[in-house]
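Participant: curious how this folds, go ahead:
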Amino acid sequence: MIRTTLNSLAIIGLSSLLFVACAVKGVNNTSKSPPNILFISVDDLNDWVGHLGGHPQAKTPNIDRLARNGVSFSRAYCSAPLCNPSRISLLTGILPSNSGVYGNGEKLRDYLPEAKTLMQYLKENGYSTQGGGKIFHGTRAVDPDSWDFYFELGREEMQATRKSQYANRRKVGLPESAWMRWGPIEVSDDEMFDVKVVNWTISELEKSHEKPFFLACGFTKPHLPWYVPQKYFDMHPLEDIILPETLDNDRDDLPAWGKRFAAEVHTISTGKNFATQGEDHSIVLKYNEWEKGVQAYLATISYVDEHVGRLLNALENSEHADNTIVVLWGDHGWHLGEKQHWRKHTLWEVANRTTLVISAPEGVQKNHLCERPVSLIDLYPTLVEMCGLPARDGLDGQSITPLLRNPVLEWGRPALMTFGLQNHAVQTERWRYIRYNDGGEELYDHTRDPNEWTNLASLAEYKPVIKELQQSLPKVNRQPLK
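Facilitator: The predicted structure follows:
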């Protein structure tokens, strides 16, 4: 397990001198050809991976192996706790408050017709760009100008894949009104959509390439439904499952919009109408599914990890091993009962914290856990710098290459998260401040309250803290298109 405590204070002091020397050299060795990029996205992945310790029963030996080969960020945050705005902000370098993209229905080019995506900028600078799976919100190219090639399953093959995943679900006695979609399925890994994408990505890693490449492999899991083969459930026996820590009265000190975000209500179609079934968590408890849900999420993460391992093995055995940057990221976090909430769609730590690991042959420290808050919005300028390309104007993020060289470097820049118009969270190493569109506020001291059980915003003694954190709120909040 990666821990900063592995190094003694003396070693940290000596390492700081070495980091300065590394900084002079830079991330990219200009004597070589430009580095390739293997870009791995994992949908709905929170911090439940082994080396981050988000859940004590997480089994992710391959993601942990990647972390040992680079820098992992223990406080990596999305720009928005929802797929589409998170991914558009990452790939364009533009925050949701500046783009107006707040939900899953907005289309990139409706809101940002002139934006230059990361892939477009790489193409302009001599890269080939290829992708497959879920990179933007969707499993197709979404923005054709970004790609030289995008791997897509044919319609019939896609339907067959979905049928194999859903039709063979084991019967677990849940009524149709229960929203929970998880359980083992009787299919082989090769029948799973993600595995087909991984197989294609591996085939590209095995080829020679005339240009430096940006190769994106997007996993659709652990997004619901959590249907994966039985063997991954066997890795997490139901009788041993540990539930997340919760507090029964955790919502009592929340402002109105916080309670509204927490109380996600599930509905089902009943012919022409929709019937309200109650909050997700109440349904989970009603049908005694909490342990099964946690087991299924852990199992689905282990399934993803298995095939991340195949990608890493293919890279290590390829001619590109010595000149490829690897980035693995989740698009946001996920609740499994914390604050009696499931899914994402909140501005709390659990829905916004995710996994981010970066490794490179040169200029990136090995086996280090960086505890500084960073944002996925920072990936665009970071990769531009790592590839030795001219910096781009107009990006909202900031390159985190200094932290890749020196993970213990002081870093005063907070992370910003947005969920809907004028709802924001600011995260520093100690504090999380949330401000809603009606002025409601939350403040949590992570040094004393990592579970965010006690909202301090109403206490006078914390007003100076809030005033300082408010300086990091967006000055612009673009209205969504009508």
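Participant: roughly how far does the closest residue to G330 other than its chain neighbours sit from V357?
Facilitator: Among residues not flanking G330 along the chain, L45 sits closest, at 3.2 Å (CB to CB, 6 or more residues apart in numbering). Where you see a C-beta, it was placed from the backbone N, CA and C, and this is true even at glycine. According to CB to CB, to the nearest Å, L45 stands 11 Å off from V357.
Participant: the more surrounded of the two?
Facilitator: Counted by other CB atoms under 10 Å, L45 and V357 do not tie: L45 has more neighbours, with 30 against 26.
Participant: if I look at the more buried one, how far off is W290?
Facilitator: Counting by CB to CB, the gap from L45 to W290 is 20 Å.
Participant: pLDDT on the one helix or strand V284 maps to, on average?
Facilitator: Assigning secondary structure by DSSP states H and E places V284 in helix 280-286. The average pLDDT within helix 280-286 is 90.
Participant: list the buried ones in it?
Facilitator: D280, H281, I283, V284 (16 or more other CB atoms under 10 Å).
Participant: over to stretch 361-376?
Facilitator: Buried-residue list, stretch 361-376, by 16+ other CB under 10 Å: 361-365, 367-370, 372-376.
Participant: now for those: which two are most distant?
Facilitator: The two members of these with the most space between them (CB to CB) are P361 and P373, at 26.8 Å.
Participant: which positions within stretch 423-437 qualify as buried?
Facilitator: N423, H424, A425, V426, Q427, T428, W431, R432, Y433, I434, R435, Y436.
Participant: swap in stretch 384-396?
Facilitator: Within stretch 384-396, the residues that count as buried by 16+ other CB under 10 Å are V384, E385, M386, C387, L389, L395, D396.
Participant: re earlier: what helices or strands is the helix holding V284 leaning on?
Facilitator: Helices and strands touching helix 280-286, by 3 or more CB pairs under 8 Å, 6 or more residues apart in numbering; DSSP states H and E, are strand 265-270, strand 342-343.
Participant: least confident of these, on average?
Facilitator: Minimum mean pLDDT among the helices and strands packed on helix 280-286: strand 265-270, a mean of 57.
Participant: quick one: the helices in the stretch 51-200 of the chain?
Facilitator: 61-68, 83-92, 96-99, 108-111, 118-124, 155-167, 193-205 (DSSP state H, counting those that start in this stretch).
Participant: of all these, which lies closest to K467?
Facilitator: Across the helices of the stretch 51-200 of the chain, closest to K467 is helix 96-99 (CB to CB), at 19.9 Å.
Participant: please state the offset of that closest one from the chain centre?
Facilitator: Mean C-alpha position of helix 96-99 versus that of the full chain (CA atoms, centre = their mean, to the nearest Å) differs by 19 Å.
Participant: so what's P85 up against?
Facilitator: S79, P96, S99, V101, Y102, G103, N104, E106, T418 (CB atoms under 8 Å, 6 or more residues apart in numbering).
Participant: repeat that with 10 Å
Facilitator: Going by CB atoms under 10 Å, 6 or more residues apart in numbering, P85 touches 78-79, 95-97, 99-104, 106, 111, 137, 331-332, 418-420.
Participant: if I read this right, E468 contacts G412, doesn't it?
Facilitator: No: at 11.3 Å, E468 does not count as touching G412 under the criterion of CB atoms under 10 Å.
Participant: these two - which one has more neighbours?
Facilitator: Counted by other CB under 10 Å, E468 and G412 do not tie: E468 has more neighbours, with 14 against 8.
Participant: how about the closest residue to P474 other than its chain neighbours, what does it touch?
Facilitator: Of all residues not flanking P474 in the chain, S97 sits nearest, at 3.8 Å (CB to CB, 6+ apart). S97 makes contact with 79-80, 85, 89, 396, 416, 418, 421-424, 473-478 under the criterion CB under 10 Å, 6+ apart.
Participant: so of those, which ones are in strands?
Facilitator: Of these, the ones assigned to strands by DSSP state E are L416, T418, H424.
Participant: kindly indicate which of these lies nearest P402.
Facilitator: Closest to P402, out of all of the ones in strands among the contacts of S97 and judged by CB to CB, is L416, at 19.1 Å.
Participant: pLDDT wise, what is the closest one at?
Facilitator: Reported pLDDT for L416: 98.
Participant: repeat for M180
Facilitator: 83.
Participant: phi and psi next, for A216.
Facilitator: With angles defined as degrees, to the nearest 10, A216 sits at phi -110, psi 130.
Participant: same check on L481?
Facilitator: Torsion angles, degrees, to the nearest 10, at L481: phi -70, psi 150.
Participant: and for it, the neighbour number?
Facilitator: Around L481 there are 10 residues (other CB under 10 Å).
Participant: can you list the weak-confidence ranges in the stretch 151-300 of the chain?
Facilitator: 167-168, 170-178, 266-278 (pLDDT under 70).
Participant: so who does E157 touch?
Facilitator: Contacts of E157 by CB under 10 Å, 6+ apart are F193, K196.
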